[in-house]
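Q: dropping the sequence and predicted coords here.
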Amino acid sequence: MKKNVALFGPSGYTGSQLLSLLINHPYVNVSSVLGNSSEGKFLSDVILIPKKKDVKILSSKKFNKKNIDLVFLCLPHKESFKLFEQFEGLKVIDLSSDYRFNSASSYKKWYEYSHPNPKILKKFVYGLTELNRDEIKKASYIANPGCYPTSVLIPILPLLKEKVFFPKNLIIDSKSGISGAGRGATIEKLFFEVNENFKSYNIEKHRHLGEIQQEIFLYKKKINISFVPHLLPLSRGILSTIYFDGDSTIFKKIKQFYTEFFKNEEFVNFFSNGIPSLKSVNGTNNLNFSIHQDYDKKKIIIVSCIDNLIKGAAGQALQNMNLMFNFNETVGLNIYQLAPK
């Protein structure tokens with residue numbers, strides 16, 4: 001039997017990407033789409049969709065939870081708070097940052113805003129699929145991870161969780177396509193500003209650093225983490241380069257561990273040879289990564305690539321939904337890239 005899902009926020013990049021996956025999912029019926037800025041339009045005005053699957057977009061005020069099994073929230077930050085009382089008894093996957101932190105104090109520290117639903121935070125499971133499967137299967141509420149943290153945590157957390165190696169310092173240099181900044185119009189995202197340009201931003205305090213710290217500190221608190229994001233003149237994709245101290249013995253140990261740990265993962269590909277690129281992941285739900293040593297064999301370098309809108313958002317949300325309903329985790333996500341790209 002198909003599951004009926006509702007989606008809030010269809011007109012943003014994440015919402016439209018998720019809808020494009022959901023409409024092709026064999027066990028899902030997109031029965032309700034709600035969005036205030038796109039109210040009155042049809043789904044076909046937002047994404048390319050078969051006529052027989054077209055749905056009229058309603059105001060969020062007209063949400064009716066009858067016969068709905070799961071709600072996807074693809075809304076700007078602070079918008080999910082206003083709606084949450086309507087979802088009692090339903091499964092929820094929130095793709096914003098509203099429920100990613102496990103305490104109200106942490107949320108306020110990084111978002112400079114008092115969390116209005118602090119008691120609900122403990123009910124949310126952090127939806128990093130490959131590392132939190134057991135918890136996700138049993139959960140009713142999922143907080144989908146941010147795109148930058150996904151690219152960093154999937155390679156790093158297994159080292160800590162399995163007690164393979166605990167670095168003292170992590171330097172994370174991440175680069176994202178412009179879609180990672182959302183669809184809202186700002187001067188910084190104008191074509192003239194972005195084209196043939198490359199810049200870092202929020203160096204001293206980026207919100208995703210708090211998310212990265214939270215998950216890493218569950219296993220080791222005494223790790224100093226530096227995180228610098230950059231904006232690339234590309235539509236989509238994230239490439240994160242992660243540096244930490246380690247000699248050749250540690251390098252070989254970690255490389256062997258990765259080969260074994262990820263060998264059965266459908267969407268995480270460890271490159272034992274070669275270096276992944278954005279073209280190797282864009283348009284897929286894959287995370288491709290590799291591990292290297294610097295010239296002096298004193299530092300270890302990880303290169304991690306994802307499509308920020310799929311593995312970094314919509315694709316990971318769909319993986320989590322599959323687990324919550326006991327579907328095969330890959331259903332709806334066997335996406336094949338165009339060739340040549």
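A: On my side now, so go ahead. Numbers count the residues shown, from 1 in each chain.
Q: I302 belongs to a strand?
A: Yes - assessed by DSSP: H, G, I helix; E, B strand; the rest coil, I302 belongs to a strand.
Q: hey, where'd the helices end up in the stretch 1-150 of the chain?
A: 13-22, 104-111, 118-121, 133-138, 147-161 (DSSP state H, counting those that start in this stretch).
Q: again, but for the stretch 201-341 of the chain
A: 207-217, 248-261, 315-324.
Q: and these as TSV, adding mean neighbour count?
A: Just so you know, the C-beta spots here come from the backbone N, C-alpha and C atoms, and that holds for glycine as well. Converted to TSV, the helices of the stretch 201-341 of the chain look like this (neighbours: other C-beta atoms under 10 Å):
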stretch	mean neighbour count
helix 207-217	20
helix 248-261	15
helix 315-324	26
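Q: just send the ones you listed back as CSV, with distance to F191 and mean pLDDT too.
A: Output for these, formatted as CSV (distance: least, C-beta to C-beta, whole Å; pLDDT from 0 to 100):
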stretch, distance to F191, mean pLDDT
helix 207-217, 25, 97
helix 248-261, 39, 98
helix 315-324, 27, 98
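Q: can you lay out these as a markdown table showing distance to D173?
A: Listed next are the helices of the stretch 201-341 of the chain as a markdown table, based on distance: least, C-beta to C-beta, whole Å:
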| stretch | distance to D173 |
| --- | --- |
| helix 207-217 | 13 |
| helix 248-261 | 19 |
| helix 315-324 | 22 |
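Q: for F198, which of the helices of the stretch 1-150 of the chain is the nearest?
A: F198 lies closest to helix 147-161 among the helices of the stretch 1-150 of the chain, at 16.7 Å (C-beta to C-beta).
Q: and that closest one, how far from the chain's centre?
A: Offset of helix 147-161 from its chain centre (C-alpha atoms, centre = their mean, to the nearest Å): 12 Å.
Q: got it, and stretch 263-282?
A: Put simply, stretch 263-282 sits 17 Å off its chain's centre (C-alpha atoms, centre = their mean).
Q: try stretch 45-58
A: 25 Å.
Q: got the end-to-end distance for that stretch?
A: Taking C-alpha to C-alpha, to the nearest Å, stretch 45-58 runs 13 Å from one end to the other.
Q: now do it, average pLDDT.
A: The average pLDDT within stretch 45-58 is 81.
Q: where in the stretch 51-200 of the chain is pLDDT low?
A: For the stretch 51-200 of the chain, the stretches with pLDDT under 70 are 182-185.
Q: for it, what spans make up the strands?
A: Taking DSSP state E, counting those that start in this stretch as the test, the strands found in the stretch 51-200 of the chain are 57-58, 70-73, 91-94, 124-126, 141-143, 169-176, 199-200.
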